[in-house]
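>>> Quick one: sequence plus predicted model below, questions after.
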Amino acid sequence: MRNIGTTDTAKLIRAQLKAKFPGIKFSVRSSSYSGGSSIRVNWENGPTQKSVEEIIGAYAGSRFDGMIDMAYHVTSFLYPDGSVSFGNSPGTGGSRGSDPGYTNELPAGAEEVSFSVSYVFANRDVTKGARLAIAQEVKEQYGEDIPEIDEYGEFRFASSRFHYFFHQVAQDFAL
């Protein structure tokens with residue numbers, strides 16, 4: 001089984017994001033540390049965090065079970081176009097953990113690989129204008145008044161109800 005390093009994984013992620021979301025500028029940065037490495041993907045507005053995580057999730061070579069404080073390795077299936085899908089995982093059930101393992105059949109044309117990058121994180125930044133568009137949607141859906149917004153794009157004196165609805169709407173709000 002081929003092992004794919006952090007730098008090559010970042011290149012694969014960049015290419016997939018560029019193909020799936022043309023016109024959106026993504027920052028793909030890797031970090032190496034004594035216990036492994038990680039990749040952080042940041043972008044402004046654009047696609048939802050969930051839609052980006054669906055693309056980049058299988059590029060991570062590890063998972064973590066917080067119930068037993070244990071990291072474990074997983075494999076992925078790499079396709080000729082650079083996209084990936086989830087391969088196989090031992091899970092943590094044999095160690096009294098809560099993550100069940102999974103085994104997927106190797107798809108035609110794909111290669112089972114191991115990514116050396118432990119974790120891949122996604123973070124969408126939302127501009128002031130986009131925050132106002134989401135707030136308008138909250139007003140329309142839930143009847144909540146739009147609170148004052150400060151120079152940093154943060155809502156001032158917003159109720160906890162408004163914040164709850166804002167975050168619910170923002171999760172599925174592609175900009």
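Yep, it's here.

>>> what's the neighbour count on Asp65?
By other C-beta atoms under 10 Å, the residues close to Asp65 number 17. Quick note: C-beta positions are derived from backbone N, CA and C, even for glycine.

>>> Over to the one 3 residues further on?
Residue neighbour count, defined by other C-beta under 10 Å, stands at 12 for Ile68.

>>> Name the nearest residue to it, ignoring sequence neighbours.
Nearest non-adjacent residue to Ile68, counting by C-beta to C-beta, 6 or more residues apart in numbering: Gly97, 4.4 Å away.

>>> residues contacting the one you found?
65, 67-68, 70, 91 (C-beta atoms under 8 Å, 6 or more residues apart in numbering).

>>> Can you classify it as helix, strand or coil?
coil (DSSP: H, G, I helix; E, B strand; the rest coil).

>>> Let me know the pLDDT of it.
Gly97 carries a pLDDT value of 94.

>>> And the one 5 residues further on, by the same measure?
Note on Tyr102: pLDDT of 95.

>>> Verify the contact between Arg14 and Lys25 for me.
No - counting by C-beta atoms under 8 Å, Arg14 stays clear of Lys25, with 10.7 Å between them.

>>> Can you pick out the residue with more neighbours from the two?
Between Arg14 and Lys25, counting by other C-beta under 10 Å, Arg14 is the more crowded of the two (16 against 11).

>>> Do you have the strands of this structure handy? List them.
Using DSSP state E, the strands assigned to the chain run over residues 2-4, 26-33, 36-44, 62-65, 70-73, 76-78, 84-86, 88-89, 102-103, 111-115, 119-125, 148-149, 155-156.

>>> now the residue positioned nearest the centre of the chain, nearest residue through space, not along the chain?
Centroid check for the chain by C-alpha atoms, centre = their mean gives Glu53 as the closest residue, at 2.9 Å. Once flanking residues are discounted, Glu53 sits nearest to Ala122: 5.0 Å by C-beta to C-beta, 6+ apart.

>>> now that we're looking at the one you found, which residues does it contact?
41-42, 49, 52-53, 56.

>>> Closest one to Phe166 out of those, please.
Lowest distance from Phe166 to the contacts of Ala122 (C-beta to C-beta) belongs to Gln49, with 14.5 Å.

>>> still on that earlier bit, least confident pick among the contacts of Ala122?
Least confident by pLDDT among the contacts of Ala122: that is Gln49, with 91.

>>> State the distance from the closest residue to Ala15 other than its chain neighbours to Val117.
Spatial nearest neighbour of Ala15, excluding adjacent residues (C-beta to C-beta, 6+ apart): Gly82 at 5.2 Å. Taking C-beta to C-beta, to the nearest Å as the criterion, Gly82 is separated from Val117 by 15 Å.
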